[in-house]
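**Student:** attaching a predicted model along with its sequence, questions to come.
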Amino acid sequence: MIISVPAMVGGAVAVLGAGMTVRALMPARPSVDALLKTTRSPAPHTAIDTSAGRFEAFTDKMGDRLVATPTVASRLPVTDLRLLEMSPAKLLGRCARMAVVGMLLPQLFMLLLTLGGKRPPLPVPVVLALAVGGFFAFKCLDDVRDDAKKLREEYRYTIVSLLERLILIRSANASAGESLLRAASVGDTTPALQIREALEHARLTGTTYWSALADLGRQIGVEDLARPARAMALAGEEKAAVTRTLENQVDLLNAAVQGDRETRANQATEQMDLPALTVGLSLVVFCALPAFIKILNL
């Protein structure tokens, strides 16, 4: 057999070229850092959106500077911001915008009166403009707390659904980790997505799923997440049967959800008391006023 060195070299080059071509055409494998960035890992600060308007960008920069102030940063609802996935700088920028709008509203009202030919009896003092601006800013903070409260109530519904699916999956003798992943794979609400991202982050970092749930509950102030975390920790680490425990937790959370509904219903009823009283008094005045006028004219 005749061995041709040029043919061997040519064949090796052809094989090497074909291998390099196939490798280049294959999709690149993402790095671990890139994968972790796609999962939930709450950060205290996000970059400023450069596509926003000039005024919004200016107030966001102001929020950046306020975040660096310990006096302001220590008074922010950090847990609520983590739950809403909002940076402190973004919140402070929004508060600054609302404060500016609140300070300009009294001046705008006085300007409209002047242009309408009606001279205002008293000039608007600076204190009043500052008070309205401060009210708007604190109202913005109060809205964040209200949104976080509503989202925590939504978390309870999600956790109840998660526990019920866990009971069904555990009845099929699935492992603790597999049960938690399969139960959390359903749902497209904000709580469901956050739970799923936390579990995916735990899978990539090599931590246990139940510890990821417990950490997520501590970070966002949802203590109800510790219930399935503790139960699955017992099932995963001590191989304990936790079906009865999960059923008890479902009953407790259902009772808490029912209590929340009753509280909201009572609040709505109380809010209707004042309008109903106002309508009743107006009706009495409307009916009695002609009689009073007639008596006074006698």
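**Tutor:** Sure thing, it's come through.
**Student:** can you point me to the longest helix in this protein?
**Tutor:** helix 243-296 (DSSP state H).
**Student:** the chain: helices as residue ranges?
**Tutor:** For the chain, applying DSSP H gives helices covering 5-25, 32-37, 54-67, 70-73, 78-84, 88-115, 126-170, 176-184, 190-205, 209-220, 226-237, 243-296.
**Student:** output those as TSV; include the columns mean neighbour count and mean pLDDT.
**Tutor:** Glycine gets a C-beta too; all of them are placed from N, C-alpha and C. Formatted as TSV, the helices of the chain follow (neighbours: other Cβ atoms under 10 Å; pLDDT from 0 to 100):
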stretch	mean neighbour count	mean pLDDT
helix 5-25	9	58
helix 32-37	11	48
helix 54-67	17	73
helix 70-73	11	75
helix 78-84	19	88
helix 88-115	18	83
helix 126-170	17	87
helix 176-184	21	83
helix 190-205	19	89
helix 209-220	21	87
helix 226-237	20	73
helix 243-296	11	80
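**Student:** most centrally placed residue in this protein?
**Tutor:** Central residue of the chain (Cα atoms, centre = their mean): Leu84, 1.9 Å from the mean position.
**Student:** need the contact list for that residue.
**Tutor:** If you count contacts by Cβ atoms under 8 Å, 6 or more residues apart in numbering, Leu84 has them with 144, 147-148, 151.
**Student:** could you dump the residues you listed into CSV with distance to Glu223 added?
**Tutor:** Putting those into CSV (distance: Cβ to Cβ, whole Å) gives the following:
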residue, distance to Glu223
Val144, 20
Asp147, 19
Ala148, 14
Leu151, 14
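**Student:** report the separation between Ser87 and Glu164.
**Tutor:** Using Cβ to Cβ, to the nearest Å, Ser87 is found at 34 Å from Glu164.
**Student:** should've said Pro228
**Tutor:** Pro228 is 11 Å from Glu164, by Cβ to Cβ.
**Student:** might you calculate how far stretch 187-202 sits from the centre of the chain?
**Tutor:** Distance of stretch 187-202 from its chain centroid, counting by Cα atoms, centre = their mean, to the nearest Å, is 12 Å.
**Student:** what does that stretch rub up against?
**Tutor:** By Cβ under 8 Å, 6+ apart, stretch 187-202 touches 36, 39-41, 85, 151, 154-155, 158-159, 161-162, 180-181, 184-186, 208-209, 211-213, 215-216, 220, 225.
**Student:** do the same with stretch 162-177
**Tutor:** 178-180, 182-184, 186, 195, 208-210, 227-228, 231-232, 235-236, 242-243, 246-247, 249-250, 253.
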